[in-house]
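**Q** pasting the structure only:
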């Protein structure tokens with residue numbers, strides 16, 4: 001999870017700061033912190049796939065060592 005820091009941005013630089021946030025994935029809704037904490041469906045699928053494959057590997061290792 002990314003770290004979020006509260007920063008003061010001078011009025012003259014606010015548009016540039018918003019452009020940087022948008023370039024890094026902020027969609028403009030809510031706060032940048034909420035957007036940073038949101039995960040995509042693709043990321044969740046990858047995490048679940050790795051977890052399932054890890055469990056399958058552990059099961060195979062248990063069967064091989066026990067048999």
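**A** Everything's here; your move. All figures in this text were calculated on a predicted structure; none of them were measured in a lab.
**Q** all contacts plus neighbour counts: C-alpha atoms, from now on.
**A** Fine.
**Q** any idea how far residue 49 lies from residue 42?
**A** Residue 49 is 11 Å from residue 42, where distance means Cα to Cα, to the nearest Å.
**Q** higher neighbour count, those two?
**A** Set residue 49 next to residue 42 and count neighbours by other Cα atoms under 10 Å: residue 49 wins out with 12 against 9.
**Q** next one: that one from residue 14, what distance?
**A** 40 Å.
**Q** flag the shaky bits of this structure, pLDDT-wise.
**A** Counting by pLDDT under 70, the ranges of the chain that qualify are 1-6, 27-41, 67.
**Q** what ranges does it have for its helices?
**A** 14-23, 32-37, 41-66 (DSSP state H).
**Q** in a markdown table: those, plus distance to residue 7.
**A** What follows is those, written out as a markdown table (distance: least, Cα to Cα, whole Å):
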| stretch | distance to residue 7 |
| --- | --- |
| helix 14-23 | 10 |
| helix 32-37 | 12 |
| helix 41-66 | 29 |
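**Q** please identify the most buried of these.
**A** Most buried of those, by mean neighbour count (mean count of other Cα atoms under 10 Å): helix 32-37, with a mean of 14.
**Q** so how far is residue 50 from residue 43?
**A** With Cα to Cα as the criterion, residue 43 and residue 50 are 11 Å apart.
**Q** residue 44 too?
**A** 10 Å.
**Q** what of residue 64?
**A** To residue 50, residue 64 is 21 Å away according to Cα to Cα.
**Q** also residue 61?
**A** From residue 61 to residue 50 the distance is 16 Å (Cα to Cα).
**Q** how about residue 56?
**A** The value you get for residue 56 to residue 50, if Cα to Cα is used, is 10 Å.
**Q** then residue 7?
**A** In terms of Cα to Cα, residue 7 sits 36 Å off from residue 50.
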